[in-house]
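S.K.: got a predicted structure here, sequence first:
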Amino acid sequence: MIQVTNLHQSFGKKTVLDSITISIEKNEICALVGRNGAGKSTFINSLLGLLPVKQGSIAINGTTVSKKNNGWKKAIAYLPEKFLLYPMLTGLENMTFFAEAVSKTANLERIEQVLTAVSLWDDRNVQVKKYSKGMLQRLGLAITLYQESSILILDEPTSGIDPMGRKEILEVLKSLQQQTILLSSHHLDEIKQVCTHVAYLHDGKMEKYTVEEFLNTHHLGGIDG
């Protein structure tokens, strides 16, 4: 699903990603972990085509990520840490706006399906400015899920959310059996709960483990950011 080969990214003389090769396979939920400044955002932005690949290659579902072709973009959906919503609009109005941006005509049945999946259907007519942070994050996740992309990239989806909100987000992620997910996180407990693998970024290098392997070989101090 995601194949990264000898990816090298640098800024000036500083090497951020050093010849990274990694595969994230179909239906895996892979946590992307590393200290602050390790290069997680650089890696994600490279996958999304927001940073041009200087050396190496990235393929999404067998299609090379580049400006020359856009086919790979349909396979991937991205939830940033802070999803920009329209506070004066309701949850349903926000959902409809973003749905129409993707497909011109909103699929109301699909909207109901994803809002129900994130437990927001009953609050669909409430203005977003009245939503809690957890509700805002779940709405962002619903907008991301609407696209029905086979690959989801989620950047700190539970950041700054209270324990109940985190639990709600994690329950949604557990229910996603048909998607391949790359999840940026530094919460050991949520990695244990929802992830199958860990991509550990350290000193510009990346290693992939099963969650069990990672827990047996690393301690909490290694993923604090």
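M.R.: Yep, that arrived.
S.K.: and the closest residue to residue 158 other than its chain neighbours, helix, strand or coil?
M.R.: What sits nearest to residue 158 in space, not counting adjacent residues and going by Cβ to Cβ, 6 or more residues apart in numbering, is residue 166, at 4.4 Å. Quick note: C-beta positions are derived from backbone N, CA and C, even for glycine. Assigned by DSSP: H, G, I helix; E, B strand; the rest coil, the conformation of residue 166 is helix.
S.K.: same thing with residue 82?
M.R.: Quick answer, by three-state DSSP: residue 82 is coil.
S.K.: picking up where we left off before, any idea how far the residue nearest to residue 158 lies from residue 74?
M.R.: 30 Å (Cβ to Cβ, to the nearest Å).
S.K.: of these two, who's got more company?
M.R.: residue 166 (20 against 14; other Cβ atoms under 10 Å).
S.K.: quick one, helices of the chain?
M.R.: 40-47, 91-103, 108-117, 133-146, 163-174, 188-194, 211-217 (DSSP state H).
S.K.: for the second one, packing partners?
M.R.: If contacts are counted by 3 or more Cβ pairs under 8 Å, 6 or more residues apart in numbering; DSSP states H and E, helix 91-103 sits against helix 108-117, helix 133-146.
S.K.: list the buried ones in the first one?
M.R.: This means helix 108-117. Neighbour-count burial for helix 108-117, counted by 16 or more other Cβ atoms under 10 Å, picks out 110, 111, 114, 115, 117.
S.K.: show me the contacts for the second one.
M.R.: Translated: residue 111. 92, 95, 96, 99, 146 (Cβ atoms under 8 Å, 6 or more residues apart in numbering).
S.K.: thanks a lot, see you next time.
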